[in-house]
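Peer 1: Would you be able to build a 3D model of this:
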Amino acid sequence: MSAKNGSFHWAWVILAVCFVNLFINYAIRLGYGTILPEMIRTMGITRKDGGQIFNAYFYAYIVFSPFVGYLTDRLGARIVIPVFGLVLGVGTIFMGSAQSFWGAAVPFLFVGIGAAAMWTPIITLVQRWFALHRRGMALGILSAGFGLGFAATGKLYPFIVSHWSWRYCWYIFGAAALCMIVINIIFLRSRPEDTGHQPWGTKADAPTAPAAVAKQQSCYGEILSAKRFWMIAASYFSIGATLYMITTFMVDYARYELGFTYSRASLLATMHGIGQVVGVLTIPLISDYLGRKRTISISNLCIAAAIVWIILAKDNVGVLYSGILLFGVFYGSTFPLYGACGGDYFRKEIIGTVIGAFTPFYAFGAITAHWFGGYVRDVTGSFFIPFIVAVVLGVIASGLMMLVKKAPDSQIS
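Peer 2: Below is the predicted model of the structure:
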């Protein structure tokens, strides 16, 4: 079916399966916030406990992301994704039977372990199946999965809770994650070379690449000694802090600082989600033509400008909503763009390891934003300073990316 005559290419099957993986994973991850109020009500835990349960997921995700990236390069995504998918599915199902803080924190830690393989290996796999100048388009389509997964929880989870209970949200999506194990085993292929084909979008006269050698030497020395890695990582940290300074606190800002009703403040999340889907379907595609470095730098500047818009909007509803919508557009495109840097700036044999090494920097940026933004808000009673800091970090992230240089033997344009 992956015909060489151009009638059909297996890359599109890979993309479709990975899209569903992301949809299910982010419905589980982002759906936690939707389910949490019901868990608090019925389990008798505090909101602080609820935050610590999510932290268990997040710390596991940070620790295992570099590990699964390395395994993807050594063993292949076809093995890594189903194995960790089993951990994801089982952990999610056990979340449905939680009766206490630890009864939820421990399963959610395992969910975080499994979820680590639902980004780095997936984005690595898609990059390997699409030619360099088609990766932005492919990653944009792929990343719509997490935007739609986020949007689905707002409608589907309340329906499930009203008809059964919050526990069935975990049961249903845990079962879905387990079903995807079979789908992944059947349809995923780790490399196009394994089947004697080229990535989709490769020029017709390009020679077919030989199958990759499975065994390779450790590549961390190559990655960590590259100045371009640290420049990209620092930029990723900065923009991660920028994004989460707004995303995490925007509803709280509108509700308690601007005086919006809860329903009106919550609508900001809807606008954010709509913007994400628009962004992932357009900006990564543009980056295939404009260039990844230039696109990321411009996007980061637009994020900083959108935050200025949000600050100046104050309690003007229409202006604030449009600012959040614009912010969401560039938020959604950030992750596939930085993910594509793994394939653009390093050898294709080590893409997974590179992306896995990048991921903790973004995550630590998010953690820093949560700590700093929450602390300053408690002390000053306002998000003005955190939002201004977010603007500055966005500009820094743009500048750092502009300083990234190509590898001497790079094929980047």
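Peer 1: what's the domain layout of the protein?
Peer 2: Domain assignment of the chain by automatic domain parsing yields the ranges 11-193, 220-402.
Peer 1: Using TSV, please lay out these together with mean pLDDT.
Peer 2: Supplementary listing: these in TSV, determined by pLDDT from 0 to 100:
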stretch	mean pLDDT
domain 11-193	79
domain 220-402	83
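Peer 1: Those into CSV, with extra columns for mean neighbour count?
Peer 2: Quick note: C-beta positions are derived from backbone N, CA and C, even for glycine. Listed next are the domains of the chain as CSV, based on neighbours: other C-beta atoms under 10 Å:
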stretch, mean neighbour count
domain 11-193, 21
domain 220-402, 20
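Peer 1: isn't G91 right next to I113, touching?
Peer 2: Yes: with contacts counted by C-beta atoms under 8 Å, G91 reaches I113, the gap being 7.4 Å.
Peer 1: for the protein, longest helix please?
Peer 2: helix 11-43 (DSSP state H).
Peer 1: so how far is the helix or strand containing T295 off the chain centroid?
Peer 2: According to DSSP states H and E, T295 maps onto helix 292-313. Its chain's C-alpha centre and that of helix 292-313 lie 19 Å apart, by C-alpha atoms, centre = their mean, to the nearest Å.
Peer 1: For that helix, C-alpha coordinates in CSV please.
Peer 2: Provided in CSV are the C-alpha atoms of helix 292-313 (Å, rounded to 0.1, in the frame of the first residue of the first chain):
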residue,chain,number,x,y,z
ARG,A,292,11.9,27.0,11.1
LYS,A,293,14.2,29.4,12.9
ARG,A,294,12.7,32.5,11.3
THR,A,295,9.1,31.2,12.0
ILE,A,296,9.8,30.4,15.6
SER,A,297,11.4,33.8,16.2
ILE,A,298,8.5,35.6,14.7
SER,A,299,6.0,33.4,16.5
ASN,A,300,7.6,34.2,19.9
LEU,A,301,7.5,37.9,19.2
CYS,A,302,3.8,37.6,18.3
ILE,A,303,3.2,35.8,21.6
ALA,A,304,4.9,38.7,23.5
ALA,A,305,2.7,41.2,21.5
ALA,A,306,-0.4,39.2,22.3
ILE,A,307,0.3,39.4,26.0
VAL,A,308,0.7,43.1,25.7
TRP,A,309,-2.7,43.1,24.0
ILE,A,310,-4.1,41.1,26.9
ILE,A,311,-2.7,43.4,29.5
LEU,A,312,-4.0,46.6,27.8
ALA,A,313,-7.4,45.0,27.2
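Peer 1: and the next element down the chain from that helix?
Peer 2: helix 317-345.
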